[in-house]
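1. Structure, please.
(chains A, B and C)
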Amino acid sequence: MNLFTNTVGRKILMAVTGLLLIAFITVHLIGNLTVFAGPDSINAYAKALHDLGPLVWLFRLGMLALFAVHITFGIQLYMENKAATPDPYAIEKTLVTSFSAKTMLYTGLIILAFLLYHLLHFTVQVTNPAISAVNLPLDAASRPDVYSMMVLSFQKVFISLIYIVAMVALLLHLAHGISSWVQTLGWSTGPSQDKVISIGKVLAIVYGLAYIAIPLLILARIVK
Amino acid sequence: MDLTLHVWRQKGPEDTGKLETYKAKNVSPDQSFLEMLDELNDDLIKTGQDPIAFDHDCREGICGMCSQVINGRPHGQQELTTVCQLHMREFADGDEIFIEPWRARAFPILRDLIVDRTALDVIMQAGGYTSCHTGGVADGNTLLISKPVADYAMDAAACIGCGACVAACPNSSAMLFASAKVAQLAVLPQGKPEARRRVLAMTEANLSEGFGNCTNHYECEAACPKGISVKFIAKLNREYLKSMIPSAME
Amino acid sequence: MILDGRAPTGPIETSWDKHRFDMKLVNPSNKRKFKILVVGTGLAGGAAAASLGELGYNVEAFCYQDSARRAHSIAAQGGINAAKSYPNDGDSIYRLFYDTVKGGDYRAREADVWRLAQVSNNIIDQCVAQGVPFARDYAGYLDNRSFGGAQVSRTFYARGQTGQQLLLGAYSALSRQIKNGSVKMFARREMLDLVVVDGVAKGITCRNLITGEIESYWGDAVILATGGFVNVFYLSTNAMGCSVTAKWRATKKGALMANPCYTQIHPTCIPQHGDKQSKLTLMSESLRNDGRVWVPKKAEDCARHPGEIAEDDRDYFLERKYPSYGNLAPRDIASRAAKEQCDDGRGVGESKRGVFLDFQASIDRLGQSTIEERYGNLFDMYYKITAENGYERPMRIYPAPHYSMGGLWVDYECMSNIPGLFVLGEANFSVHGANRLGASALMQGLADGYFVIPYTIAPYLASLTPGQVKTDHDAFKESTENIRAEMDKLLSIKGKKTVGELHRELGNVMWEDVGMARSEASLKHALKRIPEIRDEFWNNVNVTGGALELNQQLENAWRLADFIEFAEMMATDALHREESCGGHFRVEHQTDDGEAMRNDEDFCYVAAWEFKGVDKAPELHKEPLKFENVKLAVRSYK
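-> The predicted structure follows:
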């Protein structure tokens, strides 16, 4: 199947997996924003997710596959492109491309590193055991107190910084990624191209700021 | 006006090259950029130096032979203009100008500013045609083609194959070049029967010839002297997706 | 010697059909045993290589550019004629034939022109099948326009890039054959010798322009499709690499050069500015459909802004002199008229060598947007070169050398007097006579390549055993040694003048003395000056660099050496032709009001010149022309 070897095939795989990952971060974001509605909301949300049982694992495997494809081909494309490009020009000038487009690999790798940390932090809960939900008392409804875990974590400057930096990387990654899949899946038609790019950037900023708001507002003690 | 030129000099494909500095004196603003180089070459010959080798032919912006990166921009700073149509009035007295060849692994440097663009021909050979026989074709008006479709095909067909898109692409991808032909032939009834095979063959050739992958930087469109739009790359992507559908289901 | 073009006799309407049937065929299984060399990959060469490869012949194609897609056919803007008569305006094959013979001022071979007109329709079909995006109307039908003085709309076009699109069509067909393995492509090769064995063309000697190696290629037939020679004027609308070299090398091996004095000077070019210019840029003559050509009536007005010159003080000289054709008068006539006005001191622009092409009336009538839609790319081009806005003030135009009607002599089957050497497109002399009409160069190139040579090469090949002479033959060795010696000689002169300077000198002489208006005195002056330039070239040129490397100075020097020798033959032809016809205007032969005066009594023949050696006068051979279908008449566009 040339989907995995063809230059456009792999580009489409990147776009489709990217799109599904965007769907994931959308749902994840909506879920996480419930933190602003207070402990009851987010703890209920966490419990509901947890109660899905085997479905959670199915979902996790799916996510793993998506990430594997997105990362593998992302790195492969980068390596090939590097090999196709010789020494730079004496004067390097680009006209329309963006910082975010040029740094996709790096922001991607930052997000990957963050993802591992994030899993260790909130899922496996080994980075800061003292303030992990497993070691915290259950909440009033006898649910793991995810809310407290988040608040206690993000009150630590170091942890918040990690999250904020990672979310800036995500913002940049999305700033190119969102509009890019419209082009890659062949939906852009020329005149609409500029609008698509702008909308992509606006959306990226919305995602980025919304995600950043969680650690930032907690760190600023606005959410307690 | 007087200018300082930094020109890439390289003896052959295996040699290492470097930028050499030259002075161009008494340049007339009405001269074309290549005429300025002609004159510099005459001066170099008279002072016993090697003239600068550069590709050029029609000098009216259509053959696609000229290929220089001027101050970091393929074909120079004037939009929708090839080097041969760039005039010195676009520069100011005392300017420093950097002149380099197209840079891409798929375009080995042959000498100075001349590169080998055979790889683009190979992409065309992979499928940039309709397999019609000489003679034995239908009357030109048998298949009607609406004006918007004909215009779209013409927009794509305007590519002059200079390779500026590759030179500008941070990935040295030739996707804009390939897409222009894929898109042109995909919308015309004469090209449709082979559209599936064509898009696969031409995109495969893109990689096998050593070009990079397209990651939607759109630098190609900005550098193209003929204004070929990246919408044709979107069209190519669409054609590729269509090619995944088994023909029985179409 | 009296030459015989071997044109078919009998009714013209069936001449090509009958001839096609009469010609021998090559057995399909034998075709791959024959190797055919095609030099040049423009419309004629590209189409020929693709078509012959498709038929099953073993083809090797050569071009000096880096790709087969770049030949100068690509620069033709206006369009391509065909006798389809889609607009129902009275066109027919016969009318296209008639117009072409008349437009060529009765100096072409009738049967060749008929064939061209007949296959013109096939060309359009072929190009459409290749995906050439010709202009269409809203109903989806092919669109036509009137062009270059034709009174019917028979020109098909693809925006302002018809030549490019047709060439890309031929290039795509060629690419397909390269992929199939039937054509092998050799780019960046310059043909420097024709290898002739026992009087028969058997191969070529080339220089590999990248490595500098001298290479031999054998073929059972050699096809030259190497374009025109007007770069002999230095400044022309041709590409910088266009040269006479391949044709001249064939001439030096015995091929006859026919009518070299017929050169077309195109009226709508951007005037020269300064003395540093390297080429002239042509704008499509379709501009004359909506532009009015004028100069000030009074010489003192010439320096004024055109907008300040009152309507009454303007001389619309084409409309005045040729009321029925007006601004659409044929190229030779329009060019000469512009020159006359400038000679009269009423030229405009810095150099005073220019006339106005004014769109104001059309903008008033149709609106600027319509004019933009029709000619936008030309106005942009004009602006890039002159920094003047053609919508706001009239453009300035001046004639420039553009096309050579003359070329190697060929018979009806496109074979030269050397058996096995075929010549196609602009490189041959055949169909345009003394003047070419607009939109017919593309037609001829493709006609020769797609629909003539695939048939006419067969009888020749059928008469021989394939592969009898290969590159191990002594003739190849001898040719290679000669070329190497010539190369060493060029590189060893190390004089004081650059190739560019000497080319400019030659160009000046040719333009002043053998240009738009020629006289006995000017031609004799040229014949005195050219050998002087030749001597200076061979004693004082400075060709830098080495033999075995990419060396553009050497390439140019070689081309110039051939131009200089050829220039002498061209001037000789112009001097001998004591008449004015088409692109050849002798000031001694004009009517009282300055119109060209043909002399059918004494000059109704093709002048084919045999090279006798450098410094020796060439020998004239004649092919008498018979006009049985189009009556000889004075060409009038009044």
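
2. what about the closest residue to chain C within chain A, distance to residue A:181?
-> Closest to chain C within chain A is residue A:190: 16.8 Å, counting by Cβ to the nearest Cβ. To be clear about C-beta, it is placed using only N, CA and C from the backbone, and glycine gets the same treatment. According to Cβ to Cβ, to the nearest Å, residue A:190 and residue A:181 sit 17 Å apart.

3. So what's the residue count around the residue of chain B found nearest chain C?
-> Nearest residue of chain B to chain C: residue B:144, at 3.1 Å (Cβ to the nearest Cβ). Using other Cβ atoms under 10 Å in any protein chain shown, residue B:144 has 14 neighbouring residues.

4. Got the phi and psi for it?
-> The phi/psi pair for residue B:144 (degrees, to the nearest 10) reads phi -80, psi 140.

5. One more: residue C:61?
-> Dihedral angles (degrees, to the nearest 10) for residue C:61: phi -120, psi 150.

6. and it, what pLDDT?
-> The score at residue C:61 is 98. That number is its pLDDT.

7. beta partners for it?
-> For residue C:61, the beta-bridge partners are residue C:38, residue C:185 (DSSP bridges).

8. ok, which stretches of chain B are strands?
-> Here chain B has its strands, by DSSP state E, at B:3-9, B:18-24, B:69-70, B:73-74, B:96-100, B:109-111, B:114-115.

9. Figure out which of those strands is closest to residue C:518.
-> With Cβ to Cβ as the criterion, residue C:518 lies closest to strand B:18-24 of the strands of chain B, at 38.5 Å.

10. Kindly point out the strands partnered with the closest one and how each is oriented relative to it.
-> Using DSSP bridges, the strands paired with strand B:18-24 are strand B:3-9 (antiparallel).

11. Just want the angle from the partner strand to strand B:96-100.
-> 20 degrees (axes from the mean of the first three to the mean of the last three Cα atoms, to 10 degrees).

12. Give me the distance from strand B:3-9 to the chain's centre.
-> Relative to the centre of its chain, strand B:3-9 is centred 22 Å away, using Cα atoms, centre = their mean, to the nearest Å.

13. wait, what's in contact with residue C:354?
-> Residues counted as contacts of residue C:354 (Cβ atoms under 8 Å, 6 or more residues apart in numbering or on different chains) are C:271, C:342, C:347-348, C:396-398.

14. Please produce JSON lines containing those, extended by secondary structure, distance to chain A and pLDDT.
-> Converted to JSON lines, those look like this (DSSP: H, G, I helix; E, B strand; the rest coil; distance: Cβ to the nearest Cβ, whole Å; pLDDT from 0 to 100):
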{"residue": "C:271", "secondary structure": "coil", "distance to chain A": "34", "pLDDT": "95"}
{"residue": "C:342", "secondary structure": "helix", "distance to chain A": "44", "pLDDT": "94"}
{"residue": "C:347", "secondary structure": "coil", "distance to chain A": "42", "pLDDT": "95"}
{"residue": "C:348", "secondary structure": "coil", "distance to chain A": "39", "pLDDT": "95"}
{"residue": "C:396", "secondary structure": "strand", "distance to chain A": "34", "pLDDT": "96"}
{"residue": "C:397", "secondary structure": "strand", "distance to chain A": "35", "pLDDT": "96"}
{"residue": "C:398", "secondary structure": "strand", "distance to chain A": "37", "pLDDT": "95"}
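
15. Most neighbours of all those residues, which one?
-> Counting neighbours by other Cβ under 10 Å, residue C:397 comes out on top of the contacts of residue C:354 with 29 neighbours.

16. Make sure it is actually in contact with residue C:338.
-> Yes. Using Cβ atoms under 8 Å, residue C:397 is in contact with residue C:338, at 7.4 Å.

17. Nearest residue to the closest residue to chain B within the stretch 401-550 of chain C in space, please, no chain neighbours.
-> Nearest residue of the stretch 401-550 of chain C to chain B, counting by Cβ to the nearest Cβ: residue C:550, 4.4 Å away. Nearest residue to residue C:550, sequence neighbours excluded (Cβ to Cβ, 6 or more residues apart in numbering or on different chains): residue B:111, at 4.4 Å.

18. Residue A:7 and residue B:207 touch, don't they?
-> Yes. Applying Cβ under 8 Å, one finds residue A:7 in contact with residue B:207, separated by 5.0 Å.

19. the more surrounded of these two?
-> The neighbour comparison of residue A:7 against residue B:207 (other Cβ under 10 Å) goes to residue A:7, with 25 against 19.

20. Distance check, that one against residue A:81.
-> If you go by Cβ to Cβ, the gap between residue A:7 and residue A:81 works out to 10 Å.

21. cool, residue B:181 as well?
-> From residue B:181 to residue A:81 the distance is 22 Å (Cβ to Cβ).

22. burial count for residue C:60?
-> 20.

23. I am assuming it contacts residue C:218, so please confirm or correct that.
-> No. When contacts are counted by Cβ under 8 Å, residue C:60 is not listed as touching residue C:218 (9.3 Å).

24. May I have the secondary structure class of whatever residue of chain C ends up closest to chain B?
-> Going by Cβ to the nearest Cβ, chain B is nearest to residue C:140 of chain C, at 3.1 Å. Under DSSP: H, G, I helix; E, B strand; the rest coil, the three-state class of residue C:140 is coil.
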